[in-house]
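Peer 1: what would the 3D arrangement of this be:
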Amino acid sequence: MAGRELTSIRSPRVKEARRLAKRAFRTRDRRFLAEGPQAVREALALSGVLLELFTTAEAETRYPDLVRAAESAGVPVLRVSGEVMAELAQTVTPQGLLAVCGFVDVPLGEVLAAGPKLVTVLAHVRDPGNAGTVLRTADAAGSESVVFTDASVDPYNGKCVRAAAGSTFHLPVVTGPRFDTLIPALKDGGLTVLAADGAGKRSLDEAVDDGLLSRPTAWVFGNEAWGLPGEILEAVDDVVSVPIYGRAESLNLATAAAVCLYASARAQRAL
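Peer 2: You can find the predicted model right below:
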């Protein structure tokens, strides 16, 4: 188990980890923080991703299998006091395990070379909680990649990683492409590019009935407050709206994404 307990936030190792709360340092070091046993477990499943593990004495007792697995994998395990963990973690009630992980994103070309049938694109999505929830939803629906455009939130933002609940480590994540180059690349990769937007003239029901969703598809989701910009709506193959049968004004981003992605997953699996 971990050795001497670190009790000062001025410890060099602690300071190195704390600064990863800022995007500039994450980008420079290509490292990010992942909090909690689920994230640690999923990071351990990928060779070489878990680089360092901070743990409290209580967490060592509660999750001895994870601590032992990290040590067996040659990962440095550092015991810290509860006060230090509170400074490192970005939650009100830390779970006592905090991993420093290497970036897991891949180039878009690698995703397209695999011939995916379902890809999720986040365009102008700025809220990290929403983005992480969509990433988790995409994982559950069988999406083969999630693309964060250059105008979207950093997928390694702490809140985004927590909302993804381990899915950050499950499927290829692409970061930073510009939309003017992304859409042609998706189309060249054999994907029909659909934008989910309330202004769409084709409803999701019609898209299902017309067989549109049985094709390999890239779904584009935008900012929850103001949707997708006009240049994106003009560039995609079609704009699809999720029908509202009741009196609700709209659906939130994660719910709309779930409805669209599962509709595609079902259509493709029915073939």
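Peer 1: show me what contacts the residue lying closest to Ala114 once chain neighbours are set aside?
Peer 2: Using CB to CB, 6 or more residues apart in numbering and skipping residues adjacent in sequence, the residue nearest Ala114 is Glu144, 7.0 Å away. Every residue, glycine included, has its C-beta placed from N, CA and C. Residues near Glu144 by CB atoms under 8 Å, 6 or more residues apart in numbering: 111, 114, 116-119, 171-172.
Peer 1: now do the SS call for Glu144.
Peer 2: Of the three states, Glu144 takes coil under DSSP: H, G, I helix; E, B strand; the rest coil.
Peer 1: quick one, grab the pLDDT at it.
Peer 2: Glu144 is assigned a predicted lDDT (pLDDT) of 98.
Peer 1: do a quick rundown of the helices in the stretch 101-250 of the chain.
Peer 2: Remark: helices assigned in the stretch 101-250 of the chain by DSSP state H, counting those that start in this stretch are 108-113, 128-141, 158-164, 179-188, 204-209, 230-235.
Peer 1: show me where the stretch 151-271 of the chain has strands.
Peer 2: For the stretch 151-271 of the chain, the strands defined by DSSP state E, counting those that start in this stretch cover 173-175, 192-196, 202-203, 217-221, 238-241.
Peer 1: from Val75, how far out is Phe221?
Peer 2: For Phe221, the distance to Val75 (CB to CB, to the nearest Å) stands at 35 Å.
Peer 1: hang on, the earlier thing: most neighbours, which of the contacts of Glu144?
Peer 2: With neighbours taken as other CB atoms under 10 Å, the top of these is Val119, carrying 27 neighbours.
Peer 1: check which residues of stretch 251-259 are buried.
Peer 2: 251, 253-254, 256-259 (16 or more other CB atoms under 10 Å).
Peer 1: grab the two from the residues you listed that are most spread out in space.
Peer 2: Farthest pair in those (CB to CB) is Leu253 and Val259. Separation: 11.1 Å.
Peer 1: quick one: the residue nearest to Ala114 and Asn252, what's the gap?
Peer 2: Distance, Glu144 to Asn252, by CB to CB: 24 Å.
Peer 1: returning to that earlier point: can I get the contacts of Glu144 in a markdown table including pLDDT and distance to Leu66?
Peer 2: A markdown table is the format used below for those (pLDDT from 0 to 100; distance: CB to CB, whole Å):
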| residue | pLDDT | distance to Leu66 |
| --- | --- | --- |
| Val111 | 98 | 30 |
| Ala114 | 97 | 31 |
| Pro116 | 98 | 32 |
| Lys117 | 98 | 34 |
| Leu118 | 98 | 31 |
| Val119 | 98 | 32 |
| Leu171 | 95 | 22 |
| Pro172 | 96 | 25 |
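Peer 1: how about Pro132: what's its closest non-neighbour residue?
Peer 2: Just so we're on the same page, residue 132 is Gly rather than Pro. Ala163 (2.7 Å).
Peer 1: so who does the residue positioned nearest the centre of the chain touch?
Peer 2: Nearest to the geometric centre of the chain sits Leu135, at 4.1 Å (CA atoms, centre = their mean). For Leu135, the contacting residues are 120, 146, 155, 160, 163-164, 167-168, 173, by CB under 8 Å, 6+ apart.
Peer 1: give me that answer again for 10 Å
Peer 2: 120, 122, 143, 146, 148, 155, 160-161, 163-165, 167-168, 170-171, 173, 254, 257 (CB atoms under 10 Å, 6 or more residues apart in numbering).
Peer 1: ok, Leu251 next?
Peer 2: 196, 198, 224, 242, 244, 257-260 are the contacts of Leu251 under CB under 10 Å, 6+ apart.
Peer 1: cutoff 8 Å now
Peer 2: 242, 244, 259.
Peer 1: and if you look at Thr133?
Peer 2: 163-164, 253-254.
Peer 1: swap the cut-off to 10 Å and go again
Peer 2: With CB under 10 Å, 6+ apart, Thr133 has these contacts: 127, 160, 163-165, 167, 252-255, 257-258.
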